[in-house]
Each structure stands twice: as C-alpha cells, then as structure tokens.
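Peer 1: no sequence on hand, only this structure:
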C-alpha cells in the first residue's frame, strides 16, 4: 500500500462534479492499494498516517501528530500510485490491486482512522475526481507499507 501524505491548511474533493469531502487543517492522503495487500497493511497505513509527526510545535519543529493538532484526513483512492513507468513512457498498472479488494482495504484504512477518533472525509472510489488543496509548508511525505522507500 502506498500513500502520498500532504500536510494541508485545507483540501476538498469533487467526484463527478459533486463535492464529497472537505477538510481544514490536516492531511490530504492519496492512497493506492497494491496487489497482495492485506488488512495488516491497511491498519499499518492508518496508524502511520495518524501518528505521523509533521506539524510544528511551539519551537517551530515538526514534532506534532495529526491527533495532537486536532486535524482531519481527506482520503482519496488513487491506483495510479502503483504505476510503473520504468523502461517505458506509458505506465503499467499491473501491480494495482483488483478494484473490489482495493475498495475493501481503502475502506478499512478509513474505518481504522475514524475509530481512532480522526475525522475522515473521502472521495468516491472508482470515479473521476478533482482534488484541490493548499499544501502547508509545503510538506509531502511518501509512505509505503512494504517499506520500499
């Protein structure tokens, strides 16, 4: 499972022209599910996102977590994070999980965050979405449950 986590002052998502999610301070998380991912990776990713310390403390050090600043998550599915463009110009997506299973694991990430008390807004799985954000910092972190980077 891969995620692009962007610290934002605000973010929103439109699905097929209708707004489905909007947050203030928090994270915009673009989430891609890789073939073979399990519930273990989904829970790992949710916990990592929740505990990621990239908000500034009183000394202007990135030392506070999402929970500590009362932030929210805008969670957006993005299978293209599994695109492989090595050796070609047109990416291959053969390592992205099948849609039904990917949706289950995406939903588990959402549920795990919500059950931990993190407010979560979402896009709509398998639709064309338009995402807008104000990246605060900018701060962008790449996460991979298989720890490939």
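Peer 2: Nice, I can see it. All values derive from a computational prediction rather than experimental measurement. Numbers count the residues shown, from 1 in each chain.
Peer 1: all contacts plus neighbour counts: C-alpha atoms, from now on.
Peer 2: Noted.
Peer 1: buried sites along the longest helix along the chain?
Peer 2: Assignment by DSSP state H gives helix 99-115 as the longest helix of the chain. For helix 99-115, the neighbour count (16 or more other Cα atoms under 10 Å) marks 101-103, 105-114 as buried.
Peer 1: run through the neighbouring helices and strands of the following helix or strand past that helix.
Peer 2: Sequence order places strand 120-122 as the next helix or strand after helix 99-115, per DSSP states H and E. Packed against strand 120-122 by the contact rule (3 or more Cα pairs under 8 Å, 6 or more residues apart in numbering; DSSP states H and E) you find strand 18-23, strand 72-77, helix 99-115.
Peer 1: okay if I get those as JSON lines plus distance to residue 131 and mean pLDDT?
Peer 2: Converted to JSON lines, the helices and strands packed on strand 120-122 look like this (distance: least, Cα to Cα, whole Å; pLDDT from 0 to 100):
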{"stretch": "strand 18-23", "distance to residue 131": "10", "mean pLDDT": "98"}
{"stretch": "strand 72-77", "distance to residue 131": "9", "mean pLDDT": "98"}
{"stretch": "helix 99-115", "distance to residue 131": "17", "mean pLDDT": "98"}
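Peer 1: between the longest helix of the chain and strand 72-77, how many degrees?
Peer 2: 170 degrees (axes from the mean of the first three to the mean of the last three Cα atoms, to 10 degrees).
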